[in-house]
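Novice: I would like the atomic coordinates for the input below:
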Amino acid sequence: MIIFKYCGDVINIFRTFLGLNQRFNQILLDKRLHLLTDILHINIRHDYYSSDVFQQVSQQLLSINKSIDNEQLSQVLKPLISYHIQQKYIEFGDELELSRINFECLRQQLSDDDDEIVQLDEELKTKFDDLRSTSMTKECIKQIKTLVLTKGARLEFDNYELSEYNFTKAVNQRLIAYITSSNSENSEIINSFLQLFKTLIISNPSLLENKDYVGNGGRHLQYFLIHALYRLRDFFDSSISLPPVNMEYYQAIVDLYLFTIQSWKHVSDRVYYLDDNMFDVLEMISEKNSDIFLQTIQWEILKIVIDDYFMQSYGAWDDHFKTRFKQIFKQLIEKKRLDVIKYIYFYFRFEDFFNESKYLRECVNLLTRNRLERRFFDVIMNDVSLDSLFSKKHLIFVLLDKKERKLVKNLLILSPDLIHELDEDGNDPLLYICLKVFGCRHRIIEFLINIGSDLQRTNNNGQNFMDILKLQRNKKLLETLLDQEIIQIDI
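Specialist: Residues are numbered from 1 along each chain as shown. The predicted model follows:
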């Protein structure tokens with residue numbers, strides 16, 4: 001069994017040995033080897049192995065009797081990672097509630113002695129300030145935790161981004177800056193810093209309002225954590241190449257971020273946080289990461305953030321909200337994140353955006369830039385869960401303007417009644433393309449006729465199909481339709 005530990009990372013071990021025979025499968029899933037928790041970059045947790053999710057994944061893995069590729073293996077293992085993030089979030093919420101109750105009890109015991117409170121808080125701030133210029137020892141971290149958790153000291157800073165030092169600057173300096181570090185740090189040291197920052201938040205959740213400078217103002221800690229989690233680098237790292245992620249630091253950043261989401265619930269002025277936190281996550285989302293661990297963590301965090309927003313502060317959208325959300329949707333189109341589009345559409349139902357002709361055209365332009373984008377557009381239109389996403393009565397005329405024959409055909413197959421839709425001048429699709437679109441149009445016209453356009457319909461100006469074809473501007477079009485035998489008339 002020991003030899004497996006020298007066969008590479010967990011994914012490679014499973015890829016190499018899983019499915020060879022039942023004996024190998026059983027060894028790979030033996031708790032003593034704890035490969036399933038190694039996937040999560042955590043120490044063995046017996047409560048995980050007794051969970052329904054772990055039991056189901058174990059049974060799936062045991063039943064495999066042939067070699068499987070990375071994609072197949074990732075799909076089997078993905079529920080483990082999702083379960084881990086969900087459990088962490090719940091556990092951090094429980095931990096925070098209990099710790100805050102204990103801390104407030106300590107604080108109340110000090111309320112009769114203002115001098116002692118001031119002295120304790122100043123001692124804590126002095127210890128914290130040492131973080132800026134000295135190497136942090138276990139003893140120093142222990143002293144800070146003692147001041148908070150057994151004596152009731154509270155750390156306070158003003159939130160100004162140009163202040164010399166504050167909580168957000170400390171997290172950036174001591175934790176986030178190392179997300180791509182090639183050095184193999186002792187996991188105990190990384191965990192010590194994580195516990196230190198959690199302890200300080202327990203003393204004062206409003207520390208999360210501290211800002212660090214970003215060039216045109218300041219941003220809260222959430223922004224820097226989200227940047228690290230989704231862009232996989234420190235915000236202040238300006239290198240062109242993207243180094244490999246240090247998974248121990250990444251996991252610590254995940255834990256701190258989940259803890260801060262729970263902690264914001266204890267900050268009095270938190271309305272702006274809910275919007276910014278959700279928007280920052282959506283704006284940071286990039287193309288799907290090939291690493292199943294990173295990909296799944298990013299997805300689970302997105303779900304937590306969206307759920308948190310809806311549970312805490314879902315109200316009317318102001319113009320700023322709508323503008324930012326519209327921009328995010330266009331970014332998701334460019335990144336082809338259909339999964340994210342579907343998820344947020346389920347919650348937000350933002351089809352009203354596409355009643356605005358200008359915005360609809362902007363999105364359609366993105367979706368028709370090349371063959372790959374058109375294919376993605378086709379996928380969106382064929383997805384039943386997104387059936388009401390675009391305003392089809394507006395979309396049909398935008399696609400006609402762009403002469404997107406295949407997309408027009410697909411849209412009308414999906415929604416045949418659109419053949420009778422009218423624009424503001426009373427033109428149905430057939431009249432519209434003849435009257436308001438220029439260039440080569442005969443194949444679209446042929447399709448519209450074949451699926452049942454009303455050739456006798458008149459628009460608001462009393463023009464029917466033949467009237468419009470006989471206009472001087474349509475002389476070449478009429479000749480083409482006759483030459484191709486799409487229509488037959490006596491001239």
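Novice: now do the buried residues in the helix or strand hosting residue 122.
Specialist: Here residue 122, judged by DSSP states H and E, is contained in helix 114-129. By neighbour count on 16 or more other Cβ atoms under 10 Å, the buried set for helix 114-129 is 117, 120, 121, 124, 125, 127, 128. Heads up, the C-betas are built off the backbone N, CA and C, glycines and all.
Novice: and residue 212, what helix or strand is that in?
Specialist: strand 211-213.
Novice: sorry, that was for residue 395
Specialist: Here residue 395 is assigned to helix 392-401, by DSSP H and E.
Novice: which other helices and strands does the helix or strand just after that helix contact?
Specialist: Toward the C-terminus, helix 392-401 is succeeded by helix 405-414 as the next helix or strand (DSSP H and E). Counting contacts by 3 or more Cβ pairs under 8 Å, 6 or more residues apart in numbering; DSSP states H and E, helix 405-414 packs against helix 371-382, helix 392-401, helix 442-450.
Novice: relative to helix 442-450, how tilted is the second one?
Specialist: Going back to what we said before, that points to helix 392-401. Computed with axes from the mean of the first three to the mean of the last three Cα atoms, to 10 degrees, the direction of helix 392-401 lies at 140 degrees from that of helix 442-450.
Novice: what is helix 392-401 packed up against?
Specialist: Helix 392-401 packs on helix 357-367, helix 405-414, helix 429-436, going by 3+ Cβ pairs under 8 Å, 6+ apart.
Novice: deepest of these, which one?
Specialist: helix 429-436 (a mean of 23; mean count of other Cβ atoms under 10 Å).
Novice: so what touches it?
Specialist: 396-397, 400-401, 408, 412, 418-419, 421, 423, 427, 441, 444-445, 448-449, 453-455, 457, 459, 463-465, 468-469, 474, 477 (Cβ atoms under 8 Å, 6 or more residues apart in numbering).
Novice: same thing with stretch 121-134?
Specialist: 136, 140, 143-144, 147-148, 153-156, 164-165, 169-170, 173-174, 200, 203.
Novice: pull the distance from the helix or strand harbouring residue 479 to the chain's centre.
Specialist: Element membership for residue 479, per DSSP H and E: helix 475-483. Offset of helix 475-483 from its chain centre (Cα atoms, centre = their mean, to the nearest Å): 51 Å.
Novice: from the contacts of stretch 121-134, list the buried ones, please.
Specialist: Using 16+ other Cβ under 10 Å, the buried ones in the contacts of stretch 121-134 are 136, 140, 144, 147-148, 153-155, 165, 169-170, 173-174, 200, 203.
Novice: tell me the one of those residues nearest residue 216?
Specialist: The shortest approach to residue 216 among the buried ones among the contacts of stretch 121-134 belongs to residue 169, at 17.2 Å (Cβ to Cβ).
Novice: nearest residue to the closest one other than its sequence neighbours?
Specialist: Spatial nearest neighbour of residue 169, excluding adjacent residues (Cβ to Cβ, 6 or more residues apart in numbering): residue 212 at 5.1 Å.
Novice: which strands or helices does the helix or strand just after the helix holding residue 122 pack on?
Specialist: Counting by DSSP H and E, the next helix or strand C-terminal to helix 114-129 is helix 138-149. On a contact count with 3+ Cβ pairs under 8 Å, 6+ apart, helix 138-149 meets helix 70-109, helix 114-129, helix 187-203.
Novice: and the angle from helix 138-149 to helix 114-129?
Specialist: Going by the same axes, to 10 degrees, helix 138-149 makes 150 degrees with helix 114-129.
Novice: which helices and strands sit right next to the next helix-or-strand element following helix 138-149?
Specialist: For helix 138-149, the following helix or strand on the C-terminal side (DSSP H and E) is helix 167-174. Judged by 3+ Cβ pairs under 8 Å, 6+ apart, helix 167-174 is in contact with helix 187-203, strand 211-213, helix 221-231.
Novice: circling back: now the helices and strands packed on helix 392-401 as JSON lines including mean pLDDT?
Specialist: What follows is these, written out as JSON lines (pLDDT from 0 to 100):
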{"stretch": "helix 357-367", "mean pLDDT": "93"}
{"stretch": "helix 405-414", "mean pLDDT": "94"}
{"stretch": "helix 429-436", "mean pLDDT": "96"}
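Novice: of the ones you listed, which is nearest residue 378?
Specialist: Closest to residue 378 of the helices and strands packed on helix 392-401, according to Cβ to Cβ: helix 405-414, at 6.1 Å.
Novice: what is the distance between that closest one and the centre of its chain?
Specialist: With Cα atoms, centre = their mean, you get 30 Å for helix 405-414.
Novice: between helix 429-436 and that helix, find me the angle.
Specialist: Orientation check (the same axes, to 10 degrees): helix 405-414 against helix 429-436 gives 150 degrees.
Novice: outside of helix 405-414, which residues touch it?
Specialist: By Cβ under 8 Å, 6+ apart, the list of residues contacting helix 405-414 reads 368, 374, 377-378, 381-382, 392, 395-396, 399-400, 418-419, 429, 443-444, 447, 451.
Novice: coming back round to it: may I see the buried residues of the helix holding residue 395?
Specialist: Quick answer for helix 392-401 (16+ other Cβ under 10 Å): 392, 394, 395, 396, 397, 398, 399, 400.
Novice: now do it and helix 371-382, the angle between them.
Specialist: Going by the same axes, to 10 degrees, helix 392-401 makes 160 degrees with helix 371-382.
Novice: just the CA atoms of helix 392-401, as PDB, please.
Specialist: Only the C-alpha atoms of helix 392-401 are listed here, as PDB (Å, rounded to 0.1, in the frame of the first residue of the first chain):
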ATOM      1  CA  LYS A 392     -37.700  36.600 -29.600                       C
ATOM      2  CA  LYS A 393     -40.000  39.200 -31.100                       C
ATOM      3  CA  HIS A 394     -37.000  41.500 -31.100                       C
ATOM      4  CA  LEU A 395     -34.400  38.900 -31.800                       C
ATOM      5  CA  ILE A 396     -36.000  37.800 -35.100                       C
ATOM      6  CA  PHE A 397     -35.600  41.300 -36.600                       C
ATOM      7  CA  VAL A 398     -32.000  41.700 -35.300                       C
ATOM      8  CA  LEU A 399     -31.000  38.400 -36.900                       C
ATOM      9  CA  LEU A 400     -32.700  39.400 -40.200                       C
ATOM     10  CA  ASP A 401     -30.700  42.700 -40.100                       C
END
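Novice: tell me which residues touch the residue nearest to residue 169, please.
Specialist: 161, 166, 168, 169, 172, 218, 219, 221, 224.
Novice: which residues does the last one contact?
Specialist: With contacts taken as Cβ under 8 Å, 6+ apart, residue 224 has the following neighbours: 168, 171, 172, 176, 212, 234, 235.
Novice: so for the first one, what's the pLDDT?
Specialist: At residue 168 the predicted local distance difference test score is 94.
Novice: burial count for it?
Specialist: 28 (other Cβ atoms under 10 Å).
Novice: pretty sure it sits against residue 222.
Specialist: No. Counting by Cβ atoms under 8 Å, residue 168 sits too far from residue 222 to count as a contact (9.2 Å).
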